[in-house]
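> give me the fold of what follows.
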Amino acid sequence: MNKIATFASSEREPIFGLLFCKQIIPDEIMLLHNEVVSFGVVPNEEVFFTIGVVYEGTKRVYCRGKQYCFASGDLFCVGRECCRVENIPSKHYPYKEVVITFSFEELQQLTPWFNDLIADNRLRQSAHDIGPVAGCEADAAVLGIFNALRQSPLPPSFTKRQGILKMLSDYTDGMVLRVALSNLDSRNLLLNNVVRNNRFRHATIDDLAEQCHCSRSSFKELFHKHYDTSPYHYFLEQRLEKAQSLLTGSSCSISEISEICEFNSPSHFARIFRSYFACSPSEYRRQQQLKKWL
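Have a look, this model is predicted:
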């Protein structure tokens, strides 16, 4: 009989084959203090395929000489050919993840989507050959799955696992799965492209994190390491530099410049500009015009 297992590893434990489970909760999934308690399904048969979401810490998967890194919020799929998995806690919290494991026989019993894949042998090939893949950031939609399970009077079962998988599939529907970025250079290249394309757009941290295929917290950490400042201050300075250029080299009004540089209003633009340059935008324009005549 399948059981639901909870585990929160505070050590860097390599995991071979089956997931190592710290504690067995036979009847319900416990969510304490609104935190997601890591859990997984452990079938009697050999694990063939694992689907999960990292909630806290970092997951490293070693597969055929390559290392794949999954940050908090990443959805991952891992086939049995992955030789080693390392779960690393964050600075202040233990590692937490949600995993659903399947044997090959169980996959054959699931949705028509899986059956279609199995029919032409694509599933077996993909689970063995593609290595780990990651998808979108987990959010309240995924949390709702586990809240619903917690309220259910029925014990955990295979059917419930199928429901979890269906909801995860719906959650990621329409989003392109990616191979996890495995080295820092690739991540920095992607980060640079995302930053360059969004310097003067009204993009939120969540928007930028999604474009970088990582969680909000991972994006902020990566951004600070690369630019040595926060996203807020970096993008603000970029907008102010553009405003300086427009004030000096264009006839645009203060209101137009405020709008072009994505400030909330001309007064907001003037207030921020003064806090950085100790003068208003109009005063700065006059100063630059005077310098041209001197």
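
> would you confirm that residue 87 belongs to a strand?
Yes: under DSSP: H, G, I helix; E, B strand; the rest coil, residue 87 sits within a strand.

> quick thing: my sequence starts at 398, can you match it?
Okay, residue one is now 398; in that scheme the one you just asked about reads as residue 484.

> tell me the spacing between the closest residue to it other than its chain neighbours and residue 453.
Nearest non-adjacent residue to residue 484, counting by C-beta to C-beta, 6 or more residues apart in numbering: residue 492, 4.3 Å away. All C-beta atoms are positioned from the backbone trio N, CA, C, and that covers glycine. Using C-beta to C-beta, to the nearest Å, one gets 6 Å for the distance from residue 492 to residue 453.

> same question, residue 595
In terms of C-beta to C-beta, residue 595 sits 27 Å off from residue 453.

> and if you look at residue 597?
From residue 597 to residue 453 the distance is 34 Å (C-beta to C-beta).

> which one of the two has more residues nearby?
Neighbour count, other C-beta atoms under 10 Å: between residue 597 and residue 453, residue 453 has more, with 20 against 13.

> is that one bridged to anything, and to what?
Bridge pairing for residue 453 (DSSP bridges) gives the partners residue 493.

> correct me if wrong: it contacts residue 490.
Yes: the pair residue 453 / residue 490 is scored as a contact, 4.9 Å apart, by C-beta atoms under 8 Å.

> what stretches of the protein score poorly on pLDDT?
398-452, 460-462, 464, 469-480, 489, 495, 497-586, 691 (pLDDT under 70).

> let's see it at 90
For the chain, applying pLDDT under 90 flags the ranges 398-636, 638-649, 656-661, 684-691.

> what's the overlap in contacts for residue 492 and residue 453?
residue 486 (C-beta atoms under 8 Å, 6 or more residues apart in numbering).

> in the helix or strand harbouring residue 619, what's buried?
According to DSSP states H and E, residue 619 maps onto helix 613-624. By neighbour count on 16 or more other C-beta atoms under 10 Å, the buried set for helix 613-624 is 613, 615-617, 619-620.

> packing partners for it?
helix 581-595, helix 602-608, helix 628-646 (3 or more C-beta pairs under 8 Å, 6 or more residues apart in numbering; DSSP states H and E).

> C-alpha coordinates for the second one, CSV please?
Spelled out, that is helix 602-608. Taking C-alpha atoms only, helix 602-608 is exported to CSV below (Å, rounded to 0.1, in the frame of the first residue of the first chain):
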residue,chain,number,x,y,z
ILE,A,602,10.1,41.2,-9.8
ASP,A,603,7.8,38.2,-10.4
ASP,A,604,7.7,39.0,-14.2
LEU,A,605,11.5,39.1,-14.3
ALA,A,606,11.9,35.9,-12.2
GLU,A,607,9.5,34.0,-14.5
GLN,A,608,11.5,35.1,-17.6
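
> list the buried residues of that helix.
Within helix 602-608, the residues scored as buried using 16+ other C-beta under 10 Å are 602, 605-608.

> can I take it that residue 610 is in a helix?
No: under three-state DSSP, residue 610 falls outside any helix and is assigned coil.

> and it, how close does it get to residue 591?
Separation of residue 610 from residue 591 (C-beta to C-beta) stands at 10 Å.

> neighbour count: the two, which is higher?
residue 610 (25 against 20).

> end to end, how far does stretch 608-617 reach?
Stretch 608-617 stretches 13 Å from its first residue to its last (C-alpha to C-alpha, to the nearest Å).

> contacts for stretch 648-658?
597, 636-637, 639-640, 643-644, 647, 662-663, 665-667, 678-679.

> give the contact list for residue 627.
617, 620-621.

> can you redo these as a markdown table with distance to residue 654?
Output for the contacts of residue 627, formatted as a markdown table (distance: C-beta to C-beta, whole Å):
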| residue | distance to residue 654 |
| --- | --- |
| 617 | 28 |
| 620 | 26 |
| 621 | 29 |
